[in-house]
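Student: what shape does this take:
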Amino acid sequence: MIKVLFVCVENSCRSQIAEAFAKIHGSNVIEAFSSGSKPSGTVNPKGIEYMKEVGYDMSTHKSKALTEIPDVKYDHVITMGCGDKCPYIKATHRDDWGIPDPKNMDAEGFRNVRQMIEDKVKGLIETLQ
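Tutor: Next up is the predicted model:
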């Protein structure tokens, strides 16, 4: 299994959604994790609501600090476009997806970001297979 860590500042929305889509589409390829450099402590309620629309329950997810994830070398560390570089996270590959933060967006904007994340995760899975 390829270890992939998705990171954003709060670990409340984008990285959580990316982790969820990695579990949905790549459970046979990816062992997915998510974390934040300054976790909010909660998962964004809009994220939970809009992931339910695609059949995934994020209500059990938890916003986690980088110190709460396994201390391993990740195959890929992907930041969401929030400026976090996470240099102290051991990784073979690093990428930044430049995903806008949807937390203050309306429903259409949030769904567009959700789709953008799903497309990026699917693309990652395709390249890893």
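
Student: now name the helix or strand holding the residue nearest the centre of the chain.
Tutor: Geometric centre of the chain, nearest residue: residue 15, 2.3 Å, by CA atoms, centre = their mean. Element membership of residue 15, judged by DSSP states H and E, is helix 14-26.

Student: got it, and residue 32?
Tutor: Here residue 32, judged by DSSP H and E, is contained in strand 30-36.

Student: could you dump that strand to CSV, C-alpha only?
Tutor: Output in CSV follows, covering the C-alpha atoms of strand 30-36 (Å, rounded to 0.1, in the frame of the first residue of the first chain):
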residue,chain,number,x,y,z
ILE,A,30,-3.6,4.0,-1.0
GLU,A,31,-3.4,4.0,2.7
ALA,A,32,-4.7,7.6,3.2
PHE,A,33,-4.1,9.9,6.1
SER,A,34,-4.9,13.6,6.7
SER,A,35,-3.6,16.2,9.1
GLY,A,36,-3.1,19.9,9.8
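
Student: start at 28, not 1
Tutor: Sure, I'll start numbering at 28, so the last one becomes strand 57-63.

Student: which helices and strands does that strand pack with?
Tutor: With contacts taken as 3 or more CB pairs under 8 Å, 6 or more residues apart in numbering; DSSP states H and E, strand 57-63 sits against strand 29-35, helix 41-53, helix 134-155. C-beta here means a position set from N, CA and C on the backbone, and glycine is covered the same way.

Student: among those, which is nearest residue 103?
Tutor: Nearest of those to residue 103, taken as CB to CB: strand 29-35 at 4.6 Å.

Student: how close does the residue nearest to the centre of the chain sit to residue 30?
Tutor: Distance from residue 42 to residue 30, counting by CB to CB, to the nearest Å: 15 Å.

Student: alright, that wraps it up for me.
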